[in-house]
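>>> coords please:
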Amino acid sequence: MQFNYDLGEYVIIIAIAGAFGGCVSALFDNLMAVHKSFPVHGCSKCKTWYFACRSLIGVAGAFGVVLIGGWVGKVKLGLDTNTLLELISLCVISGTVSYRLLPVIGARLEKQITALENKSTEQSMTIEKLKSNDEHTRQELKNNIILQDALALAKDALSIKEVNSFSDIHTAISIMETFSDTAKYNRTYNIYLARLHRKVKNYNRAIEVLRGYLQSLNDPELPAELKSTAKTNKAAALYNIACYHVLKAFDAKDTSSGPELDRLIEEALSELEQSIMLDPSNIACVSSDSEVDFSYVKQSDKWNPRLLALIS
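Numbering: from 1, shown residues only. Presented below is the predicted three-dimensional model:
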């Protein structure tokens, strides 16, 4: 909307046309009241201030329509005959209907503003949520990368053959232990951590790690994607616990009493039995000649028949 003439001229034209439209609207209401046999003479509608107020409402409506029309490019201002007649007609009509139109426009504008505010609030909340989720995702990815590095370190430490290189294993244990909460459902993590403890002959801690893993697999909050493999994961944990009980018994055979050794072997065979029930393929593992962890049981005349009964 461009102003090519004196602004005062436009203001006067719009105000007069709007006021005239307001008076026409008030007069029309008055005539309708008479037509309906209402007592209009002497009432507020016949008083001067009533027409003055309606005129002011008409002026406001006219300016509002011109402003909105200018925004959308539908109203052009000019003092040539055609443009001037269009402007005056528009302002008179706007002034006439403004008494009823302005409250409707106001209500709609208020509703739209409220909707925009709500939309803006929702968008802000969505953005904050996305930022939060994005940060959470980045943190998860970062933790996963660190965990994978820790698993690689643990794997290298487990491959060490030299007895005097246990410092690397203890370093790996220290790093791995920091993931005890975040990786509690991770099979590889728990198996590796238990094997690291087994490497330094801390069988009690190795068993404790795997028993904690078994509890995690029974957790109601276990992720859905891990529930399908929970059975075989439990079997693997029990198999390793059985191994560690046998190794613990073997190391203690010269210092522990007979009942204590019997208890350790009995626990080992019981856990092995549970493992085989969950995953029968473990029969092949324990029967293999390469499985040396159960050598103490295999060579014992006392326990060998029990082991054969489990794997037969």
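
>>> outside of stretch 197-206, which residues touch it?
157-158, 160, 166, 169-170, 173, 194-195, 209, 240, 244-245, 247-248, 251 (Cβ atoms under 8 Å, 6 or more residues apart in numbering). (C-beta placed from N, C-alpha, C; glycine too.)

>>> Quick one: end-to-end distance for it.
5 Å (Cα to Cα, to the nearest Å).

>>> for it, which positions count as buried?
Neighbour counts over stretch 197-206 (16 or more other Cβ atoms under 10 Å) mark 197-199, 202-203, 205-206 as buried.

>>> Roughly how far does the residue lying closest to residue 291 once chain neighbours are set aside sit from residue 236?
Spatial nearest neighbour of residue 291, chain neighbours left out: residue 285 (6.0 Å); criterion: Cβ to Cβ, 6 or more residues apart in numbering. Residue 285 sits 10 Å away from residue 236, going by Cβ to Cβ, to the nearest Å.

>>> Can you tell me which of the buried residues of stretch 197-206 has the lowest confidence score?
Lowest pLDDT within these is found at residue 199 (90).

>>> Let's see the pLDDT reported for residue 108.
pLDDT at residue 108 comes out at 62.

>>> Which stretches in the stretch 101-250 of the chain count as helices?
If DSSP state H, counting those that start in this stretch is used as the criterion, the helices of the stretch 101-250 of the chain fall at 166-177, 187-199, 203-217, 224-227, 230-251.

>>> so can I have JSON lines of the ones you listed showing distance to residue 85?
Below are the helices of the stretch 101-250 of the chain laid out as JSON lines (distance: least, Cβ to Cβ, whole Å):
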{"stretch": "helix 166-177", "distance to residue 85": "87"}
{"stretch": "helix 187-199", "distance to residue 85": "85"}
{"stretch": "helix 203-217", "distance to residue 85": "84"}
{"stretch": "helix 224-227", "distance to residue 85": "74"}
{"stretch": "helix 230-251", "distance to residue 85": "84"}
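
>>> and those helices, which one is worst for confidence?
Per-stretch mean pLDDT for the helices of the stretch 101-250 of the chain is lowest at helix 166-177 (a mean of 84).
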